[in-house]
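> have a look; sequence and predicted model below, questions after that.
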Amino acid sequence: MEFPTGYVTALDAMNRHVTSARPDSPVQAERARRPLFAPTREVTAVALRRLADRIQPRPVPRCS
């Protein structure tokens, strides 16, 4: 065997995969995750909107 660590890691992953598919395997509740990139997306959207306004300003709305 050239890479015994890789073999052991792959064997462990395969065993976990096979045992998770059994009907009597323990069920783990899925954790609620917070959105990872929500604040970053908002900041990026504001920055891009400001950049777009500098490059091509929005027309002033007409008063009727």
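Yep, it's here. Just so it is clear, the model here is predicted, and its values are computed rather than measured.
> CA atoms for contacts and neighbours, from now on please.
Noted.
> helix or strand with the lowest mean pLDDT in the protein?
Least confident element among the helices and strands of the chain, by mean pLDDT, DSSP states H and E: helix 4-20 (a mean of 87).
> distance between that helix and the chain's centre?
25 Å (CA atoms, centre = their mean, to the nearest Å).
> ditto for stretch 22-29
Distance, stretch centre to chain centre, for stretch 22-29: 25 Å (CA atoms, centre = their mean).
> neighbouring contacts of that stretch?
Contacts with stretch 22-29, where a contact means CA atoms under 8 Å, 6 or more residues apart in numbering, come from 19-20.
> what residues of that stretch count as buried?
When burial is assessed from 16 or more other CA atoms under 10 Å, stretch 22-29 yields no buried residues.
> name the SS class of the spatially most central residue of the chain, please.
In the chain, the residue lying closest to the centroid (CA atoms, centre = their mean) is residue 36, at 6.6 Å. Residue 36 falls in the coil class when you classify it by DSSP: H, G, I helix; E, B strand; the rest coil.
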